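**Student:** Here is my input; please provide its structure:
(4 chains)
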2 protein chains.
Amino acid sequence: MRKSTEHRKMTVKTVAAILGVSTATVSNAFNRPDQLSVKLRERILNECSLLGYYGPNPAARSLRTGATGVVGIMLAEHLAYNFTDPCAIEFLQGVAEELDAAQVNMLLMPGRQEFYKEKSLEAIPDRYILYGPPRDLEIINRIETQRKPIVTVDFNLPDHLALNVDNYGGAYRAAKHLFEQTSGPVAVLGIRLCDSVKLQTMENQQTNSRSLSVSCQRLDAYQTAAAETGRLIPDNYIWSSDENTWSNGIKAAKEILATKPRPTGILCMSDQFALAALHVARSMKISIPEELKIIGFDGTPESKRHHPELTTVYQPSLDKGKLAAQMVLNPGNYKSIMLPTELKIRESA
Amino acid sequence: MRKSTEHRKMTVKTVAAILGVSTATVSNAFNRPDQLSVKLRERILNECSLLGYYGPNPAARSLRTGATGVVGIMLAEHLAYNFTDPCAIEFLQGVAEELDAAQVNMLLMPGRQEFYKEKSLEAIPDRYILYGPPRDLEIINRIETQRKPIVTVDFNLPDHLALNVDNYGGAYRAAKHLFEQTSGPVAVLGIRLCDSVKLQTMENQQTNSRSLSVSCQRLDAYQTAAAETGRLIPDNYIWSSDENTWSNGIKAAKEILATKPRPTGILCMSDQFALAALHVARSMKISIPEELKIIGFDGTPESKRHHPELTTVYQPSLDKGKLAAQMVLNPGNYKSIMLPTELKIRESA
DNA sequence: TTGAAAGCGTTACCAT
DNA sequence: ATGGTAACGCTTTCAA
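**Tutor:** As a prediction, the model looks like this:
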């Protein structure tokens, strides 16, 4: 008698032999219930589980069928970075919720070339969510040659579904509000800003010309709102950091608040940066919002929990994630979407 | 002339035919540089990339070789939950950093049975990190029958490398400190507490007997410290929530602070809970630490940023993640490890 | 240094 | 309703 503890390698072939049926029948039991009698199917499933055969080998199966049941989430950067950004995390949470529900797997993929050197990992997923333009844009070509459903988030790709949020509108309203609240100098703390302006970058990298649309849109909106209020944000009041991390935020905020004349308002392109600015301001005993007004971006949960509560531009990151997942699972049902943003006026400005 | 834009499906066979070499040679060009001349190899690699052949198909390759180059991170719960828990995120960040560096892929896997129904997803990864005991323990069996390297984190499995932190010690020091600071009643706000005690659970689930070692160890330590100080934490001052989320923390904290006599100290099993408790206390105008002392657990970055700063038991989540990754990539070099925890006395207690 | 061919575990077609 | 079998794309042994 064969016992499950024995554990020779189990394959359709071996279990078929043991059960005295053909491999086709075993396969059908797992994949096409309609192809065999209910009774037989049940017997097979039971015995298989006893034997320690839990289902077809995924590699073999997908070699044969050409599908894997995994959705690739192509990130803009390496993985570790995304676990650092509250906004990205919320987005991923949304994606995960939907993918969980649909019982498909999610493969996080770094947006950097070196991971794909002489491997074609891009062949693994059946469908793709591109969360921001990958740092190395050539990756996109490789994905496109696969002819699989693609949803782009926070940027656009010709001929593919796109999911965006109204960055311009949100940033515009934020800036307008800020300029109404203060007549002093206003600084910008941005992320990966385009090099159309010469600015106070935090790193000595050459500012990158790769698709930075989100930040550029926001900066554009800030400047437009400034102009409409008869103001201007000069280049030396614009900071840019390559990564949306707390420590970068602290560093930049210190520089900003050391500038003479000291800004009386800061437009931050993330809540994390805004919170960091608040932190620095507090340590410098600068009172909020009296002496300094700060507006964030994203509307992460933390922005609400902080004291004083952060005025910020809310974007529905969680829903964005859910929606991206739904779109990629069911591309036929959707058109490209632009989600609204909303200025949440709270205590910091 | 064949152009890369043409895009018939590229396989070793087709490119070999086009280049006029054998499939074995193409394969060797990608996998075993020593098997052919440098010149030939370079030519092949170049032409392939021109042709749009970026490397061997992963499914076919791993069917043949039996390896995939992916590390599975088995989570205790569904994916979405883990993106909700700051401590889990930090751990994942650490894992991601190392895995990024080693250029191996990471597959997040939910710890729930229903995902594996009639699929053997567990066959995909080459190695496993089990982050906490999966909710459905049967999954462990399936992983074990694969005979692949396994590292368990925050729990133990016979015959496998384990990575733990000193929960008992940390909790003990925290409780000792708290009992020295206040003579009033002390409440516990725990996570998935064992059912050895009857307690104020936040959900009406039957308290689960699955491996809850971490929380139990902490509770044990709290009680021991209490006893040593001539105190006791009665069952009706112990709350337990099934999920470490902000909203659960708020809900529990409200109940706790409505209890008569009102606790003058709360031992929280996560920083998120502690921060939530601080939030509720503030809204009730309870002064910290004068009227209420709160201690958290984990030492997440937020605990330091908050005002008042949170007294908490630090555990090196980021390093834990890095170490877990290193261990699983190189099991031979390691023995099971217990990482220290440290009581960080700050402002809240 | 290169080539021919077997086989990894599965599924889907076609027969029965 | 069930079974036989070719083919998915690759790597690796063996022979040349």
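
**Student:** make it CA atoms for all contacts and neighbour counts henceforth
**Tutor:** Will do.

**Student:** In the stretch 51-200 of chain A, what residue spans correspond to helices?
**Tutor:** Here the stretch 51-200 of chain A has its helices, by DSSP state H, counting those that start in this stretch, at A:58-65, A:79-82, A:86-102, A:138-144, A:167-181.

**Student:** so can I have a markdown table of the ones you listed showing distance to DNA strand D and mean pLDDT?
**Tutor:** Shown next, in a markdown table, are those (distance: least, CA to the nearest atom of the strand, whole Å; pLDDT from 0 to 100):
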| stretch | distance to DNA strand D | mean pLDDT |
| --- | --- | --- |
| helix A:58-65 | 3 | 94 |
| helix A:79-82 | 25 | 92 |
| helix A:86-102 | 26 | 96 |
| helix A:138-144 | 14 | 93 |
| helix A:167-181 | 42 | 97 |
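
**Student:** Dump those to TSV, plus mean neighbour count and distance to DNA strand C.
**Tutor:** As requested, the helices of the stretch 51-200 of chain A are exported to TSV (neighbours: other CA atoms under 10 Å in any protein chain shown; distance: least, CA to the nearest atom of the strand, whole Å):
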stretch	mean neighbour count	distance to DNA strand C
helix A:58-65	17	4
helix A:79-82	21	31
helix A:86-102	22	19
helix A:138-144	15	23
helix A:167-181	22	43
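
**Student:** mind putting those in a markdown table, distance to B:Ala227 included?
**Tutor:** Below are the helices of the stretch 51-200 of chain A laid out as a markdown table (distance: least, CA to CA, whole Å):
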| stretch | distance to B:Ala227 |
| --- | --- |
| helix A:58-65 | 54 |
| helix A:79-82 | 43 |
| helix A:86-102 | 41 |
| helix A:138-144 | 61 |
| helix A:167-181 | 55 |
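
**Student:** Flag every residue of the stretch 151-300 of chain A that's near DNA strand C.
**Tutor:** Residues of the stretch 151-300 of chain A lying close to DNA strand C (CA under 7 Å from any atom of the strand): none.

**Student:** near chain B, which residues of the stretch 151-300 of chain A?
**Tutor:** A:His279 (CA under 8 Å from any CA of the partner chain).

**Student:** so where's the stretch 151-300 of chain A uncertain?
**Tutor:** Scanning the stretch 151-300 of chain A for pLDDT under 70 picks out the ranges A:194-212.

**Student:** Pick out the residue of it closest to DNA strand C.
**Tutor:** Going by CA to the nearest atom of the strand, DNA strand C is nearest to A:Val151 of the stretch 151-300 of chain A, at 25.4 Å.

**Student:** What residue, apart from its backbone neighbours, is nearest A:Leu108 spatially?
**Tutor:** Residue nearest to A:Leu108 in three dimensions, not counting chain neighbours: A:Ile73, with 4.9 Å by CA to CA, 6 or more residues apart in numbering or on different chains.

**Student:** Quick check: the gap between that neighbour and chain B.
**Tutor:** Distance, A:Ile73 to chain B, using CA to the nearest CA, to the nearest Å: 11 Å.

**Student:** So that residue sits against A:Met109, correct?
**Tutor:** Yes: counting by CA atoms under 8 Å, A:Met109 is a contact partner of A:Ile73 at 5.8 Å.

**Student:** What ranges does chain A have for its strands?
**Tutor:** For chain A, the strands defined by DSSP state E cover A:70-75, A:105-109, A:127-131, A:150-153, A:161-165, A:186-191, A:200-201, A:238-241, A:265-268, A:293-298, A:311-314, A:337-339, A:342-344.

**Student:** how far out from the middle of the chain is the fourth one?
**Tutor:** Centre-to-centre, strand A:150-153 and its host chain are 11 Å apart (CA atoms, centre = their mean, to the nearest Å).

**Student:** Kindly report the same for stretch A:123-139.
**Tutor:** Centre to centre, stretch against its chain (CA atoms, centre = their mean), the figure for stretch A:123-139 is 12 Å.

**Student:** Which one, of the strands of chain A, ends up nearest to A:Ile139?
**Tutor:** Closest of the strands of chain A to A:Ile139 is strand A:70-75, at 9.4 Å (criterion: CA to CA).

**Student:** Go ahead and confirm A:Tyr334 touches A:Val328.
**Tutor:** No: judged on CA under 8 Å, A:Tyr334 makes no contact with A:Val328 at a distance of 9.1 Å.

**Student:** Which of these two has more residues huddled nearby?
**Tutor:** A:Val328 (22 against 13; other CA atoms under 10 Å in any protein chain shown).

**Student:** what about the more buried one, distance to A:Gln146?
**Tutor:** A:Val328 sits 15 Å away from A:Gln146, taking CA to CA, to the nearest Å as the criterion.

**Student:** A:Asn82 now?
**Tutor:** Using CA to CA, A:Asn82 is found at 25 Å from A:Gln146.

**Student:** same deal with A:Glu302?
**Tutor:** Distance from A:Glu302 to A:Gln146, by CA to CA: 39 Å.

**Student:** go on, A:Asn156?
**Tutor:** Distance, A:Asn156 to A:Gln146, using CA to CA: 18 Å.

**Student:** and if you look at A:Leu189?
**Tutor:** Distance, A:Leu189 to A:Gln146, by CA to CA: 38 Å.

**Student:** So for those two, which sits in the more crowded spot?
**Tutor:** A:Leu189 (26 against 15).

**Student:** For the residue of the stretch 201-349 of chain A found nearest DNA strand C, give me its contacts.
**Tutor:** Residue nearest to DNA strand C within the stretch 201-349 of chain A (CA to the nearest atom of the strand): A:Leu329, separated by 19.0 Å. A:Leu329 is in contact with A:Arg127, counting by CA atoms under 8 Å, 6 or more residues apart in numbering or on different chains.

**Student:** now A:Val104
**Tutor:** Contacts of A:Val104 (CA under 8 Å, 6+ apart): A:Gly69, A:Val70, A:Val71.

**Student:** What is the neighbour count of A:Thr84?
**Tutor:** Using other CA under 10 Å, A:Thr84 has 17 neighbouring residues.

**Student:** Verify the contact between it and B:Gln93 for me.
**Tutor:** Yes: using CA under 8 Å, A:Thr84 makes contact with B:Gln93 at a distance of 7.3 Å.

**Student:** pretty sure A:Cys216 contacts A:Gly190?
**Tutor:** No: using CA under 8 Å, A:Cys216 is not in contact with A:Gly190, being 9.2 Å away.

**Student:** neighbour-wise, which of those two wins?
**Tutor:** Using other CA under 10 Å as the criterion, A:Cys216 and A:Gly190 rank with A:Gly190 on top: 27 against 20.

**Student:** and the more buried one, how far is that from B:Ile140?
**Tutor:** For A:Gly190 relative to B:Ile140 (CA to CA), the value is 46 Å.

**Student:** ditto for A:Thr23
**Tutor:** Relative to B:Ile140, A:Thr23 is positioned 27 Å away (CA to CA).

**Student:** A:Arg346 too?
**Tutor:** For A:Arg346 relative to B:Ile140 (CA to CA), the value is 48 Å.

**Student:** and A:Met109, bridged to which residues?
**Tutor:** A:Met74 (DSSP bridges).

**Student:** Could you tell me how many residues sit around it?
**Tutor:** Here the number of neighbours of A:Met109 (other CA under 10 Å) works out to 24.

**Student:** got a pLDDT number for it?
**Tutor:** Per-residue confidence (pLDDT) for A:Met109: 94.

**Student:** That one reaches A:Met74, doesn't it?
**Tutor:** Yes: using CA under 8 Å, A:Met109 makes contact with A:Met74 at a distance of 4.8 Å.

**Student:** what sits in contact with each of the two?
**Tutor:** What both A:Met109 and A:Met74 touch, as defined by CA under 8 Å, 6+ apart, is an empty set.

**Student:** so how far is the first residue of stretch A:107-118 from its last?
**Tutor:** Termini of stretch A:107-118 sit 19 Å apart (CA to CA).

**Student:** Contacts for it next, please.
**Tutor:** Residues outside stretch A:107-118 that contact it (CA under 8 Å, 6+ apart): A:70-79, A:122, A:125, A:134-136, A:138-139, B:30, B:54-56, B:103, B:105-108.
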